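Peer 1: give me a 3D structure for the following:
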Amino acid sequence: MSWSPEQIAVVESARFASVAAGGYHADDVERLRVRALTAMRKAKPLPDLDAMALRRTPRGGVSRTQVAGFLTLMSVWSATTVVEHPDEVARRERDAEIAALTTRDDDTTLRWTHEQMDLVREKKFTLVGRASTSYDEHDVDDYLDSVVIAMRRGVELPDPQYARFDSAGLRRGYDPKEVDDFLDEIAHMQPEG
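Peer 2: Okay, here's the model as predicted:
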């Protein structure tokens, strides 16, 4: 669950009456409103509203009573609305997809952890210049994709000792030492259970 379109609309349209004296600085209130709105649009928790200083002005400003009501509403929403970061939602959906792919009726399914899959999926290598020996990026990326697919399917990983990568030639490519070291890591990975 995240911020509803209605909640976002309330913050978008929030306006406060001007007062002749003793109000809050309009700029401070607007900065608070925009920070809250930005967080809500990004499906993030609200910033600490109590920590945001609202200066009073002896002349003019906006209604302190209306701003206090707005802050109370935001505090209630913050306490009662479960906000999940988009990355967590995506991770949960990916986990469900992986579980569906790896669920079988027999006991031959290997159970690779999400951490292992993330390690392979998110691995980055240093790109080296044209003058150096390097591995073709696409060949390495294709091999790592095949490893993740095997993990999702719950089967044995493609044997790293048979992985072959073309030289990047005159193009930039991955540092071969880093790739070879990671292949050794893959060779020693074990499924859980």
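Peer 1: let me see the contact set for residue 28.
Peer 2: In this structure, residue 28 makes contact with 52, 53, 54, 55, judged by Cβ atoms under 8 Å, 6 or more residues apart in numbering. Backbone N, C-alpha and C define where each C-beta goes, glycine included.
Peer 1: any chance of the residues you listed in CSV, plus pLDDT, secondary structure and distance to residue 15?
Peer 2: As requested, the contacts of residue 28 are arranged in CSV below (pLDDT from 0 to 100; DSSP: H, G, I helix; E, B strand; the rest coil; distance: Cβ to Cβ, whole Å):
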residue, pLDDT, secondary structure, distance to residue 15
52, 70, coil, 18
53, 77, coil, 21
54, 87, coil, 16
55, 89, coil, 19
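Peer 1: redo the residues you listed as TSV? Include neighbour count and distance to residue 67.
Peer 2: Shown next, in TSV, are the contacts of residue 28 (neighbours: other Cβ atoms under 10 Å; distance: Cβ to Cβ, whole Å):
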residue	neighbour count	distance to residue 67
52	14	11
53	10	13
54	18	7
55	10	12
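Peer 1: closest to residue 143 out of the residues you listed?
Peer 2: residue 52 (50.1 Å; Cβ to Cβ).
Peer 1: so which residues of this protein form strands?
Peer 2: 23-24, 56-57, 127-128, 173-174 (DSSP state E).
Peer 1: export those strands as JSON lines, with columns for distance to residue 48 and mean pLDDT.
Peer 2: Below are those laid out as JSON lines (distance: least, Cβ to Cβ, whole Å; pLDDT from 0 to 100):
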{"stretch": "strand 23-24", "distance to residue 48": "17", "mean pLDDT": "94"}
{"stretch": "strand 56-57", "distance to residue 48": "20", "mean pLDDT": "90"}
{"stretch": "strand 127-128", "distance to residue 48": "41", "mean pLDDT": "86"}
{"stretch": "strand 173-174", "distance to residue 48": "43", "mean pLDDT": "88"}
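Peer 1: for those, give me a markdown table that also has distance to residue 181 and mean neighbour count.
Peer 2: Below are those laid out as a markdown table (distance: least, Cβ to Cβ, whole Å; neighbours: other Cβ atoms under 10 Å):
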| stretch | distance to residue 181 | mean neighbour count |
| --- | --- | --- |
| strand 23-24 | 58 | 24 |
| strand 56-57 | 61 | 14 |
| strand 127-128 | 14 | 16 |
| strand 173-174 | 11 | 24 |
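Peer 1: all good on my end, thank you.
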